[in-house]
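Participant: here are the coordinates; sequence isn't available:
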């Protein structure tokens, strides 16, 4: 064995995790979109009563929450990759990353309020 | 003076202006994937949350959320975000195909890039026809 071959290369070691999570979350988002499209087509459009009944179901609420969680994770990996490529000064990049994280947390809280904040 | 006679020690032009280089089709598809994703994150998600939240309140609120779709600006915003979503989805599916080594050679990669662009525009046209 070559000396040093057992050593880990440098890096933050999140490459594979991010690559995989980006694809898994993308599939979750696609499946949820297909489900919603199917429901809308099944009802031949969407009126208030149908919409309200749909969101009254706990299964749909949990499914929507999983969708939004996937969306947030997917957006984080994507936005961070974009910032790593174009926002070169560390201070600027950190600031923009903090903005993205704040938005993600806000979207998360908002999602819970939408799903469980009204009867 | 012939080109070969010119001194070579003068600074050579470094030509890396992304806006002046003719980008290959897969590069255009890639940058649009990023732009559409950013727009969906900054505008798409908050609009979606606002729309679902308000439209669940009452039949009047439901109507109020749909009402902007009757104005030219509302239609335009909806159309742009719908295209972003459709385009991002199609470009993502292309990415998944490339991941499993489908269409990684140059010619198929160019063809699938063109397909993503054309399909997203066709689907957006269907949305536009339904809107107007």
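Facilitator: Perfect, I can see it now. All figures in this text were calculated on a predicted structure; none of them were measured in a lab. Numbering: from 1, shown residues only, chains lettered A, B, ... in the order given.
Participant: For the rest of this, base every contact and every neighbour count on C-alpha atoms.
Facilitator: Fine.
Participant: which residue packs closest to the residue in chain B that chain A sits nearest to, ignoring adjacent ones?
Facilitator: Nearest to chain A in chain B, going by CA to the nearest CA, is residue B:53, at a distance of 5.2 Å. Nearest non-adjacent residue to residue B:53, counting by CA to CA, 6 or more residues apart in numbering or on different chains: residue A:114, 5.2 Å away.
Participant: what about that neighbour, how many neighbours?
Facilitator: 18 (other CA atoms under 10 Å in any protein chain shown).
Participant: wait, residue B:88 sits on residue B:37?
Facilitator: Yes. Contact criterion CA atoms under 8 Å: residue B:88 and residue B:37 qualify, at 6.5 Å.
Participant: what about the helix or strand hosting residue A:50, distance to the chain center?
Facilitator: Per DSSP states H and E: residue A:50 is located in helix A:48-56. Averaging C-alpha positions (CA atoms, centre = their mean, to the nearest Å) puts helix A:48-56 24 Å from its chain's average.
Participant: need the residues of chain B near chain A, please.
Facilitator: B:34, B:37-38, B:41, B:45-46, B:49, B:52-53, B:55-56, B:58-59, B:62, B:89, B:92, B:96 (CA under 8 Å from any CA of the partner chain).
Participant: From residue A:51, how far off is the residue of chain B closest to chain A?
Facilitator: Distance, residue B:53 to residue A:51, using CA to CA, to the nearest Å: 11 Å.
Participant: neighbour-wise, which of the two wins?
Facilitator: Taking neighbours as other CA under 10 Å, residue B:53 and residue A:51 compare with residue B:53 leading, 20 against 16.
Participant: Now residue A:55: closest residue in space, sequence neighbours ignored.
Facilitator: residue A:61 (6.2 Å).
Participant: pLDDT at that neighbour, what is it?
Facilitator: On the pLDDT scale, residue A:61 is placed at 97.
Participant: what about stretch B:17-25, how long is it end to end?
Facilitator: With CA to CA, one end of stretch B:17-25 sits 17 Å from the other.
Participant: Buried residues in the helix or strand harbouring residue B:126, which are they?
Facilitator: Element membership for residue B:126, per DSSP H and E: helix B:106-131. Of the residues in helix B:106-131, B:109-110, B:112-114, B:116-117, B:120, B:124, B:127-128 count as buried by neighbour count, 16 or more other CA atoms under 10 Å in any protein chain shown.
Participant: can you put the residues you listed in JSON lines and add pLDDT and distance to residue B:21?
Facilitator: Formatted as JSON lines, these follow (pLDDT from 0 to 100; distance: CA to CA, whole Å):
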{"residue": "B:109", "pLDDT": "93", "distance to residue B:21": "20"}
{"residue": "B:110", "pLDDT": "94", "distance to residue B:21": "18"}
{"residue": "B:112", "pLDDT": "95", "distance to residue B:21": "22"}
{"residue": "B:113", "pLDDT": "95", "distance to residue B:21": "18"}
{"residue": "B:114", "pLDDT": "96", "distance to residue B:21": "19"}
{"residue": "B:116", "pLDDT": "97", "distance to residue B:21": "22"}
{"residue": "B:117", "pLDDT": "97", "distance to residue B:21": "20"}
{"residue": "B:120", "pLDDT": "97", "distance to residue B:21": "25"}
{"residue": "B:124", "pLDDT": "97", "distance to residue B:21": "28"}
{"residue": "B:127", "pLDDT": "95", "distance to residue B:21": "33"}
{"residue": "B:128", "pLDDT": "96", "distance to residue B:21": "33"}
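Participant: How far off centre is stretch A:46-55?
Facilitator: That offset, for stretch A:46-55, works out to 24 Å (CA atoms, centre = their mean).
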